[in-house]
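Visitor: here is a sequence together with a model predicted from it:
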Amino acid sequence: MKKLLMFALVLAVFLPSFSSAQTLVYTLVDQQGNVLTHICGECDVGDEYISHDNQHYRVEQVDTASQTAVAQHLGSADMPDVSWLSMEDSQPVASVGQKKIALYCTHSDESYEKGDGTESKQGNGGIYDVAGAFGSALEDLGVTVERSDATHLPHDAGAYRRSRQTAVELLKGQPNAIFDIHRDGIPNPGEYRTTVGNEEMSMVRLLVGKSNQNKDANLSFAKQIKAVADKTYPGLIKDIYMGKGTYNQDLAPRSVLLEFGTHTLPKELVVKSTKPMAESVYKALFGGVIGSAGTSDVTGRSSAKGEANGEELTPATKDNSGSGWILWLVLALVAGLGIFALLSTGGKGGMHKWGRSFSEMTGGLFGKKPRE
C-alpha cells in the first residue's frame, strides 16, 4: 500500500511536466496542400488565420489522426490604414492622460532550451525574462508597466483559470491594454527566426480567442499592432491566429496573447525582439494622429486627452477662425450701408433722415423701424 501511495505521489509531481512536453503540433495547410504554418495545440473548424503577408484563411477540415488542418483561402485580410505613421515627423503626437500596459504569464514554466537549458522550468521559467525585457522596453518609451510575476503552475488545462485571477487584479489598474506573454511550442526554430533591420531576432505571433464577446475588438487591436509593425519593423510579426479558446480575453477588449519565439530558438534572439515589439505596441496604442491609433483603456472607453483614457475624446483642434471672418464681413456690410444712407440723404435733414434711411435699408434691423 505504501509503494502504491509513493507511486501516486511521483505521478502527481511529474505528470504535469510530462503532459506539457507531449504537446500537440498541428500542420495548417491550404486546400492545395501547401503548408501555411504549424500550430501548437489542436486546431478546430472555424479557426481563422492571417499569414505574415496578410492573407486570410479559415479552417474547414481537421484530421486529428494526422494532426492536420485544411484552411480555405478567403482573400486578403482587411488590415487597418496606418498611413499616419509617415506623418509622425510633421504631426504632433496625440496627447494622452495615461500610458499603462499590464503584462502576465499564464504558462509560468515556459522556457527556452538554448538559454534556460530546458523547455520547462517548474517555477519562474525563462518566459519571465522575456516579459521583463518587454516591460523594460515599454518603460523606456514612457509607459507605466504593471507586470505580475505570479505563477500559475502546473502547465495544464487549469492554467488559464488560475491566471484569470491575476488578469482581474491587473485590470483594476485600468491599463490601456493587457498582454499574456508566452513562447510557442513548435519544434522548428526556423519558423520564428527572422532578420529585422540587419539584426537577427525572433518573430512574434499574435493569438486571439474567438470564444468571447470581445473577439472583434481584440482582433482589431491585433491587426493594428501587426499593421504598425509591418510598416516600421517588417518581418517582426509572424502572423495572427484566431483560436477557439477565450484566453481570458473576455475580460478586456484590448487583450492579446503574444508568442515570443519557440522553445528551440535561442532566448537571446527572443529578447532582441522585445524592443521593436514594444515600439510597435506603443505606436499602435499611443502614436500618430488622434483617432488613427484607436487607443482607449481596456474598458473600451475613449479619452478627453486622446483615446487612451476613460473619458470623452476631445477633437485635436476646434477651429473658430471661420466664424471670425464672417463677423468682420457683417460689420463691414453694416458700415457700408450706413455710409450709403448718409450720402443718399444729401446731408440734409440731419441724423433723423439718416437714421430713417438706414433703418429702411436694413429692414428695421438697425435704427427705428419705419411705419408700414
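Guide: Ah, there it is. Numbers count the residues shown, from 1 in each chain.
Visitor: and residue 230, helix, strand or coil?
Guide: helix (DSSP: H, G, I helix; E, B strand; the rest coil).
Visitor: can you report how many residues neighbour it?
Guide: Neighbour count for residue 230, taken as other CB atoms under 10 Å: 18. Placement of C-beta: from N, CA and C, glycine included.
Visitor: okay but it is in contact with residue 238, surely?
Guide: No: proximity of residue 230 to residue 238 does not meet the contact threshold set by CB atoms under 8 Å, at 11.3 Å.
Visitor: secondary structure element holding residue 134?
Guide: Using DSSP states H and E, the element containing residue 134 is helix 127-140.
Visitor: let me fix that: residue 259
Guide: Using DSSP H and E, residue 259 falls within strand 255-262.
Visitor: taking helix 127-140 as reference, get the angle to that strand.
Guide: 120 degrees (axes from the mean of the first three to the mean of the last three CA atoms, to 10 degrees).
Visitor: ok, strand 255-262: who's next to it in the sheet?
Guide: strand 177-184 (parallel), strand 204-209 (antiparallel) (DSSP bridges).
Visitor: could you dump it to CSV, C-alpha only?
Guide: The C-alpha trace of strand 255-262 is given here as CSV (Å, rounded to 0.1, in the frame of the first residue of the first chain):
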residue,chain,number,x,y,z
SER,A,255,-6.2,41.9,-24.7
VAL,A,256,-3.8,39.8,-26.9
LEU,A,257,-1.7,36.7,-26.3
LEU,A,258,1.9,37.2,-27.6
GLU,A,259,4.0,34.2,-28.6
PHE,A,260,7.7,35.3,-28.4
GLY,A,261,9.5,32.7,-30.4
THR,A,262,9.5,28.9,-29.7
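Visitor: touching whichever helix or strand comes after it from outside, list them.
Guide: Downstream of strand 255-262, the first helix or strand assigned by DSSP H and E is helix 267-272. The contact list for helix 267-272, computed with CB atoms under 8 Å, 6 or more residues apart in numbering, reads 111-112, 114-116, 126, 129-130, 133, 183, 193, 199-202, 260-261.
Visitor: and the residues you listed, which of them are buried?
Guide: If you count burial by 16 or more other CB atoms under 10 Å, the buried members of the contacts of helix 267-272 come out as 111-112, 115-116, 126, 129-130, 133, 183, 193, 201-202, 260-261.
Visitor: which regions of the stretch 151-300 of the chain lie under the pLDDT threshold?
Guide: Within the stretch 151-300 of the chain, the segments meeting pLDDT under 70 span 288-300.
Visitor: that one: strands as residue ranges?
Guide: Ranges of strands within the stretch 151-300 of the chain are 177-184, 193-196, 199-202, 204-209, 237-243, 255-262, based on DSSP state E, counting those that start in this stretch.
Visitor: elements contacting the second one?
Guide: I take that to be strand 193-196. Where contact means 3 or more CB pairs under 8 Å, 6 or more residues apart in numbering; DSSP states H and E, strand 193-196 is packed against strand 199-202.
Visitor: elements contacting the strand it packs on?
Guide: Contacts defined by 3+ CB pairs under 8 Å, 6+ apart place strand 199-202 against strand 193-196, helix 267-272.
Visitor: strands paired with it, and their directions?
Guide: For strand 199-202, pairing defined by DSSP bridges yields strand 193-196 (antiparallel).
Visitor: and the partner strand, what's buried?
Guide: 193, 194, 196.
Visitor: excluding its backbone neighbours, what's nearest residue 202?
Guide: In space, and not counting its chain neighbours, residue 202 is closest to residue 261: 3.6 Å by CB to CB, 6 or more residues apart in numbering.
Visitor: I'd say the one you found and residue 192 touch.
Guide: Yes: counting by CB under 8 Å, residue 261 touches residue 192, with 4.8 Å between them.
Visitor: what sits in contact with each of these two?
Guide: Shared contacts of residue 261 and residue 192, defined by CB under 8 Å, 6+ apart, are found at 184, 202, 203.
Visitor: can I get those in CSV with distance to residue 173?
Guide: What follows is the shared contacts of residue 261 and residue 192, written out as CSV (distance: CB to CB, whole Å):
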residue, distance to residue 173
184, 28
202, 29
203, 30
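Visitor: closest to residue 76 among the residues you listed?
Guide: Nearest to residue 76, judged by CB to CB, of the shared contacts of residue 261 and residue 192 is residue 203 at 20.4 Å.
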